[in-house]
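Asks: no sequence on this one, just coordinates:
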């Protein structure tokens, strides 16, 4: 069983939606997902089964959060972000269950730091983004990677810790390097690298 409103918002009956959560039109929340108070979820998003969205997390339109993903506050996700199954966005630089005096830590005993994922970026299955980091627009983090530093837009990173291994475009396909240029195998676009960023030198083929 599920609920579906006039704006075609789908919420599975066994999902947990706290108070003061905003769900955009067309968004779907699947079973056992938990969205905490104050979270803002954009339009046409998918929140997968058993995933967790922390309090106050902000998510743009057309995002996909796959099963068992953990998005801890105060993460900010741009439009069209993909978070793969079992991926984690952390929020604590020095995680401890207790204070030095042995008392259990509460929310007031530490300052949360967030992960920012810019528009169109993808975080692969089982990857971990260790806050505070920013993943640039349309970047791709490979499955199982551990991101400890900012990732540039359109960069492909992998490994532990994650490191730059190439460039991708909006299609997600890696660019092919040839004669000092990078070419998209799908669109024919060509780029050159300048100061660690991509600059287009040939537009897409029609």
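Replies: Perfect, I can see it now. None of these values were measured; they are calculated from a predicted model.
Asks: how is this structure carved up into domains?
Replies: Here the domain parsing of the chain from automatic domain parsing is 2-168, 171-206.
Asks: Show me which of the ones you listed has the highest average neighbour count.
Replies: domain 2-168 (a mean of 18; mean count of other Cβ atoms under 10 Å). All C-beta spots, glycine's among them, are computed from the backbone N, C-alpha and C.
Asks: Was I right to think residue 166 contacts residue 172?
Replies: No. Using Cβ atoms under 8 Å, residue 166 makes no contact with residue 172, being 12.0 Å away.
Asks: among the domains of the chain, which gets the worst mean confidence?
Replies: Here the lowest mean pLDDT among the domains of the chain goes to domain 171-206, at a mean of 82.
Asks: So what's the gap between that one and the chain middle?
Replies: Domain 171-206 sits 24 Å away from the centroid of its parent chain (Cα atoms, centre = their mean, to the nearest Å).
Asks: Next, residue 107: phi, psi?
Replies: Here is the backbone geometry of residue 107 (degrees, to the nearest 10): phi -60, psi -20.
Asks: From residue 195, how far out is it?
Replies: 41 Å (Cβ to Cβ, to the nearest Å).
Asks: One more: residue 173?
Replies: From residue 173 to residue 195 the distance is 24 Å (Cβ to Cβ).
Asks: And for residue 115?
Replies: 25 Å.
Asks: Ok, residue 117 next?
Replies: Distance from residue 117 to residue 195, by Cβ to Cβ: 23 Å.
Asks: before we move on, what about residue 69?
Replies: 33 Å.
Asks: Can you name the residues bridging to the residue nearest to the spatial centre of the chain?
Replies: The C-alpha lying nearest the average C-alpha coordinate of the chain belongs to residue 83 (Cα atoms, centre = their mean; 4.5 Å). Judged by DSSP bridges, the bridge partners of residue 83 are residue 65, residue 123.
Asks: ditto for residue 163
Replies: residue 158.
Asks: I'd assumed residue 155 was in contact with it.
Replies: No. Contact criterion Cβ under 8 Å: residue 163 and residue 155 do not qualify, at 9.7 Å.
Asks: Give me the residues contacting stretch 148-166.
Replies: For stretch 148-166, contacts defined as Cβ atoms under 8 Å, 6 or more residues apart in numbering pick out 118, 121, 127, 130, 133-142, 144-147, 167-169, 174-175, 177, 196-198.
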